[in-house]
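Undergrad: fold the following for me, if possible:
(2 chains)
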Number of protein chains: 2
Amino acid sequence: MDGLPSLNRLIRQLQRLPYLASKNVYRVSQYFLELSTAQREEFCRILLESCQSLRPCPICCAWSEVGSGCLFCDASTRDRSIICVVESWYDLQAIEHTGVYKGLYHVLGGVLSPLDGIGPNELLLDKLQSRVGSTVKEVVLALNQTPESDATAAFIARLLKVSDVLVTCLARGLPVGASLEYSDRLTLNKALLERRMF
Amino acid sequence: MDGLPSLNRLIRQLQRLPYLASKNVYRVSQYFLELSTAQREEFCRILLESCQSLRPCPICCAWSEVGSGCLFCDASTRDRSIICVVESWYDLQAIEHTGVYKGLYHVLGGVLSPLDGIGPNELLLDKLQSRVGSTVKEVVLALNQTPESDATAAFIARLLKVSDVLVTCLARGLPVGASLEYSDRLTLNKALLERRMF
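TA: Numbers count the residues shown, from 1 in each chain, chains lettered A, B, ... in the order given. As a prediction, the model looks like this:
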């Protein structure tokens, strides 16, 4: 808006946030404008302090508190013979919420995307390869079901072929509660092709 | 997530932002975590500074820069005989973008909502009433087409009845480019009832 440079600056800054619809940027800036100065300072203080006190674990790349060990790599209760490869820490969190998995993790931080300049080096795949030693028996590729993720999974599987480790991936098929009638053709196709013993 | 208090604090802080879907809060926190410390500090600095240098105009409640006059109330080019009442400054912006309206504004900052404790005093309706003096000939109620906004418009219209001012509201009917077949019944109903001379 002409004549309001401060408002424009605020909006431009908020427009950088991902996953915030362009129309909602105005409403979020209104939210910040309506806060008291103390509340805004509190918001910024918590934002800066929290981000400052988190660091990626040097082994698995999951977020851990600065000054304390990794929740997974440094825990004695985790099964060290299995590594679950995920794209992000929120995928990790989704798997943790199931309560079934008790092994270690490896957070890629993305998927291979040559057009965006994300190759094997950007995903630190050599780090994963170096972790697959004598103790690790299985690597579970828990990636999303997208073409990019599939390509990344195939790349990792080929990378780990040289080491004597079992590479598995998540089961594909009908989700719990699904009815065949409303399932998409591709999912049903996979569910048929990858059918299992009852 | 247990064991990561800083991450939890960051997420809780971001959850306060309106219009950010709960799933996307994780992605926005990932965005902040991936920024460098300098970039995060820049974000906070701009946020604090911009909000600090904006204040609501004491007359029309639209945002204006601290130290400079209101874009509308203090502009000599605006028509002082007409006031457009809007709910928020982004509604104001939408009207400004049409380029048709050259009068003054009055930003309510919301609509009447007794259940949320928003009454006539919270919307500063007495301020609007005091503005409607001898120079103002027309008040345009440019509120949204929701039940709450309709109630607010009716309230304002009754409030201004005592003063000798023309109270108008936006035209209702089919939007530009609409086809009758796909219009909802209520809109078509209004378009029929409020038909105009061709």
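
Undergrad: at which residues are the strands of chain A located?
TA: A:54-56, A:63-65, A:79-86, A:103-107, A:138-141, A:166-169 (DSSP state E).

Undergrad: can I see the domain layout of chain A?
TA: A:5-52, A:78-169 (automatic domain parsing).

Undergrad: just send those back as CSV, with mean pLDDT too.
TA: As requested, the domains of chain A are exported to CSV (pLDDT from 0 to 100):
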stretch, mean pLDDT
domain A:5-52, 92
domain A:78-169, 91
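
Undergrad: out of these, which gets nearest to B:Arg9?
TA: domain A:5-52 (4.9 Å; CB to CB). Where you see a C-beta, it was placed from the backbone N, CA and C, and this is true even at glycine.

Undergrad: near chain B at all, that closest one?
TA: Yes - Domain A:5-52 reaches chain B (CB under 8 Å from any CB of the partner chain) through A:5-7, A:9-10, A:13, A:16-21, A:24, A:26-28, A:30-33, A:35, A:37, A:40-41, A:43-44, A:46-52.

Undergrad: PyMOL command to pick out the buried ones of the residues you listed?
TA: Buried residues within the residues of domain A:5-52 next to chain B, by 16 or more other CB atoms under 10 Å in any protein chain shown, are selected in PyMOL with:
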select buried, chain A and resi 6+7+9+10+13+17+20+24+26+27+28+30+32+33+35+40+43+44+46+47+48+50+51
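
Undergrad: sort out which of the residues of domain A:5-52 next to chain B are in helices and list them.
TA: Among these, the members found in helices (DSSP state H) are A:5-7, A:9-10, A:13, A:24, A:26-28, A:30-33, A:37, A:40-41, A:43-44, A:46-52.

Undergrad: so how far is B:Tyr26 from the most centrally placed residue in chain A?
TA: Residue closest to the average C-alpha location in chain A (CA atoms, centre = their mean): A:Ser88, at 1.2 Å. The spacing between A:Ser88 and B:Tyr26, counted by CB to CB, to the nearest Å, is 8 Å.

Undergrad: kindly report the same for A:Ala154.
TA: Taking CB to CB, one finds A:Ala154 at 27 Å from B:Tyr26.

Undergrad: what do you get for A:Ala75?
TA: 22 Å.

Undergrad: what do you get for A:Leu170?
TA: 20 Å.

Undergrad: cool, A:Tyr19 as well?
TA: 10 Å.

Undergrad: again, but for A:Val66
TA: 20 Å.

Undergrad: same question, A:Leu35
TA: In terms of CB to CB, A:Leu35 sits 23 Å off from B:Tyr26.

Undergrad: can you check A:Leu166 too?
TA: Counting by CB to CB - A:Leu166 and B:Tyr26 are separated by 30 Å.

Undergrad: just give the number of residues close to A:Ser81.
TA: A:Ser81 sits with 13 neighbouring residues when counted by other CB atoms under 10 Å in any protein chain shown.

Undergrad: and it, how far from chain B?
TA: From A:Ser81 across to chain B, the span is 22 Å (CB to the nearest CB, to the nearest Å).

Undergrad: and if you look at A:Lys190?
TA: Distance of A:Lys190 to chain B, computed by CB to the nearest CB: 24 Å.

Undergrad: leaving out the residues flanking it, which one is nearest to that residue?
TA: Sequence neighbours aside, A:Arg172 is the residue nearest to A:Lys190 in space, at 4.5 Å (criterion: CB to CB, 6 or more residues apart in numbering or on different chains).
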